[in-house]
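A.B. asks: Have a look at this prediction, sequence included:
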Amino acid sequence: MSANYLPNLSKACINLVALRDTARSDLITVLDSVRGGKVLVLDPQLIGTLSLVAEASLLKEHGVEKIMLLSASHIEGVEANKNVVYIVRAAIPNMRSIATQIHLTEASVSLKYHVFLIPRRSLICERVLEDLGVLDSIQQIGEMQLDLIAFDDDVLSMEMESGFRDMALDGDKTTLYYVTRSIMKLQAVFGVIPTVMGKGSQAKFVSEMMKRMHKELEIDSLNVNPEIDGIFLIDRDVDLFTPMLTQLTYEGLVDEIFGIKNGFVEVELEVKEQPKDKQAQPAAASASTDTPAEQTRSLLQKTKVPLNNSNSLYSEIRDLSFTQVGPTLNKKAVYIDENYKERHQAKTVSEIREFMKKLPNLQEEHRALGIHINIAEKISKIVRDSSFRRHIEAEQSIIAGESEKENLEYIEEIINRQEPLGKVLRLLCLFSIVNNGLKQKQYELFRREIMQTYGFETILTLHNLEKSGLLKRSESKPYFGALRKSMRLVDDKEDSGDISYTFAGYAPLSIRIIQSALRGQLGALEETLKVLPGPQFAFQQDLPAGVRPVSQMPDLSGTMQSRKKVLLVYFIGGVSFAEIAALRLIARQDDSSYDIIVASTKLINGSSLLESVYERVGLLAGQ
Amino acid sequence: AKIMDAFTNFVDVPDAIAKLRAAADDFNVSSKDFQGVSRLCEEQVELLQSQKAAEEHSGDGGSLTFSSVSDTIYTLISSGDFKSAERFRSQFKVTDKKFWWIKVKALGVSRNWEGLEKF
């Protein structure tokens, strides 16, 4: 956990630092509840998210002498009676690892164990610890409420891996409880949110729970002027079309190809020289734990690159359509070069001083430029390949409702070529969702072909996809064609300034819905949107006496108009980077009177969404 | 669907076959879709048996069982056993197109240029 990589949140339209501070203080409370020096054992799934909350030095200040990742092996090199603090997600496999670790360690040394569960204590977990016979060795079991974490100055996420699966597959509503709790926490910090809108049955469930908790928590007694004017809750189920498509923004492609985890991407980059100053080192989130000695000079080096608005170059290119990334990087290179040249023109001492002041910034930009040129080249190689193009063409023709036969043949072909199963399933699901299901015969054909190629176990995955609605056998008429027209989902005019640039001509349905809500047209669309799952709703929450929304107050300069309203868009079940890009565009457009903040249970793309419902049993589990 | 879990937790080939047979029987009920699943289970039993037979024939234990039909054909072609590959193709009604792709890939990887030219 490096100190330098907490995202800088100062540009956020609401005070997200305050939100991060509450998470930090929760963490500190946990650490301080165990006196003295301690060993911290973290859930590998959590280390990335926690590194967005606190830096290593903060942990050290609160007595953490060593950080380890949770594993089922015994703890070495720790003196007797030392405190061991576990911070892990409340999941049964984690409890098993803890029990094994305690058993193995107890054979040689006796330590004091403390277990903190995220996001709350669960009886099942305690039962598992008891059954495995370690409950008596544990000094205390507590909980830590870690929910929404600021990934950027406009993105919050809970990063719950199994959120979508729990809801879609297992009908588990716990996630919805956490969602509601996270909204209540936001309201405690930023005031009651006056307008609540939404679409989807989970969204509706959350809004009802909000009303109930509103009364129970007596949130009215908080005397905070609301900073957030409205919240829009939307189920991932409402728009499953969009995530099945390949994202075509820069950040979207980085995620599709390399996978973005907790605001970082890990790529192999060519490193010309060993970086000298500290910031340039590939600071892995795990750097402070136990990275082996500094790697020797190699041409290719695995590098962890932070991806957030703290870097001005990245914030400029992240949401661009990939075709525009090259030219922009080029312009940037020329600009930096010119700035460096100023050094020669600087004659007087004060001119030189001016230049020196700019230098660190310039060097930082230069370094970022090098990294992103490197990444963009890698992506470019893939994107230019004919098989990638063919795939995008197939996606687009499915969305456009054209050449059904060719598209099915294409899917069959990629099965025959044994392309990755994920790629096949994503396209097949897209076809199914757009056409509101496959015909029984088609379904049986594909099931057979897929099993024959990828193995018998895939029958379970197919079953899960069907259960979660991603794959269907047609029972009713497709409605996507009508939606495509009425919501203007396909718009392939270039440079139209429309959000459809994010998928090269397809406007994400989810964002079209938000767009209509911002324009006050949602009511009129209720009929149109009825074909999508779940109810649509909107209501006002009463504000406590004496407070009023910040957006309605004159700002310091006394002008009423300059302050924008703030809308929080909460995706239940996940949101993709391209959708976030589209929302940013909407907020930036001239006629927008809103700043937008995105919250989600998880940052996803189509592949990770599908993978979350895969069945990993038998032979598949080992892979 | 819960029965499915049972037959992926097998110990060895005979065990898996027994579990699949039980599942096939369970699914062989009135519903049309279940019957489809039942047939698929039976087919998987056949696959396992044929794989086992092919392994015994070549004395190459464990290289085929539990792999998919495509992977089986791929392995057989790679090792030059075209006859057995053909047998699997007809037994499991592999489409011509799919067989073609597997063959190209297998011959390409094993650098059997001669074989590629012939076909």
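C.D. replies: On my side now, so go ahead.
A.B. asks: which parts of the helix of greatest length in chain B are buried?
C.D. replies: Across chain B, the longest stretch assigned as helix under DSSP state H is helix B:32-58. By neighbour count on 16 or more other CB atoms under 10 Å in any protein chain shown, the buried set for helix B:32-58 is B:36-38, B:40-45, B:47-48, B:50-52, B:54-55. Yep, even glycine has a C-beta here, placed from its N, CA and C like the rest.
A.B. asks: For A:Pro243, which non-adjacent residue is closest in space?
C.D. replies: A:Gly606 (4.4 Å; CB to CB, 6 or more residues apart in numbering or on different chains).
A.B. asks: Looking at the one you found now. What's its pLDDT?
C.D. replies: The score at A:Gly606 is 91. That number is its pLDDT.
A.B. asks: Give me the residue at the spatial middle of chain B.
C.D. replies: With distances taken as CA atoms, centre = their mean, B:Val69 lies nearest the centre of chain B, 3.3 Å away.
A.B. asks: before we move on, the earlier item: tell me who's in contact with the residue nearest to A:Pro243.
C.D. replies: By CB atoms under 8 Å, 6 or more residues apart in numbering or on different chains, the contact list for A:Gly606 reads A:243-246, A:426, A:429, A:576.
A.B. asks: Among the residues you listed, name the ones in strands.
C.D. replies: Using DSSP state E to define strands, no part of those is located there.
A.B. asks: Roughly how far does A:Asp43 sit from A:Asp595?
C.D. replies: If you measure A:Asp43 against A:Asp595 using CB to CB, to the nearest Å, the figure is 34 Å.
A.B. asks: Equivalent analysis for B:Lys97, please.
C.D. replies: According to CB to CB, B:Lys97 and A:Asp595 sit 53 Å apart.
A.B. asks: Which of the two has more residues huddled nearby?
C.D. replies: Ranked by neighbour count (other CB atoms under 10 Å in any protein chain shown), B:Lys97 and A:Asp595 place A:Asp595 first, with 21 against 14.
A.B. asks: In which helix or strand does that one reside?
C.D. replies: With elements delineated by DSSP states H and E, A:Asp595 resides in strand A:594-600, which encompasses its position.
A.B. asks: Now the element after that strand, going C-ward?
C.D. replies: Scanning forward in sequence from strand A:594-600 by DSSP H and E, the next helix or strand is helix A:606-611.
A.B. asks: Would you agree A:Lys204 is in contact with A:Gly198?
C.D. replies: Yes - look at A:Lys204 against A:Gly198 with CB atoms under 8 Å: they come within range, at 6.5 Å.
A.B. asks: which neighbours do these two share?
C.D. replies: A:Phe537.
A.B. asks: Same drill for these two, tell me which one is more crowded.
C.D. replies: Taking A:Lys204 and A:Gly198 together and counting by other CB under 10 Å, A:Gly198 has the greater number of neighbours (27 against 17).
A.B. asks: Leaving out chain neighbours, which residue sits closest to that one?
C.D. replies: Nearest residue to A:Gly198, sequence neighbours excluded (CB to CB, 6+ apart): A:Leu233, at 3.5 Å.
A.B. asks: repeat for A:Glu449
C.D. replies: Skipping the residues right next to it in sequence, A:Glu449 comes nearest to A:Ile415 by CB to CB, 6+ apart, at 5.1 Å.
A.B. asks: Quickly find the element holding that neighbour.
C.D. replies: Secondary-structure element containing A:Ile415, defined by DSSP H and E: helix A:404-416.
A.B. asks: Give the buried residues for that helix.
C.D. replies: Going by neighbour count (16+ other CB under 10 Å), the buried part of helix A:404-416 is A:407-408, A:410-412, A:414-416.
A.B. asks: hey, which helix is longest across chain A?
C.D. replies: Every helix in chain A considered (DSSP H), the longest is helix A:349-384.
A.B. asks: So which bits of the helix or strand just after that helix are buried?
C.D. replies: Along the chain past helix A:349-384, the next helix or strand (assigned with DSSP H and E) turns out to be helix A:386-399. Taking 16+ other CB under 10 Å as the neighbour-count basis, helix A:386-399 is seen to contain the buried residues A:391, A:394-396, A:398-399.
A.B. asks: tell me the angle helix A:386-399 makes with helix A:349-384.
C.D. replies: Using axes from the mean of the first three to the mean of the last three CA atoms, to 10 degrees, the direction of helix A:386-399 lies 80 degrees away from that of helix A:349-384.
A.B. asks: Please name every helix or strand in contact with the helix holding A:Ile415.
C.D. replies: helix A:386-399, helix A:421-434, helix A:440-454, helix B:96-109 (3 or more CB pairs under 8 Å, 6 or more residues apart in numbering or on different chains; DSSP states H and E).
A.B. asks: Tabulate these (a markdown table), appending mean pLDDT and distance to A:Gly77.
C.D. replies: What follows is these, written out as a markdown table (pLDDT from 0 to 100; distance: least, CB to CB, whole Å):
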| stretch | mean pLDDT | distance to A:Gly77 |
| --- | --- | --- |
| helix A:386-399 | 92 | 49 |
| helix A:421-434 | 93 | 41 |
| helix A:440-454 | 89 | 44 |
| helix B:96-109 | 83 | 47 |
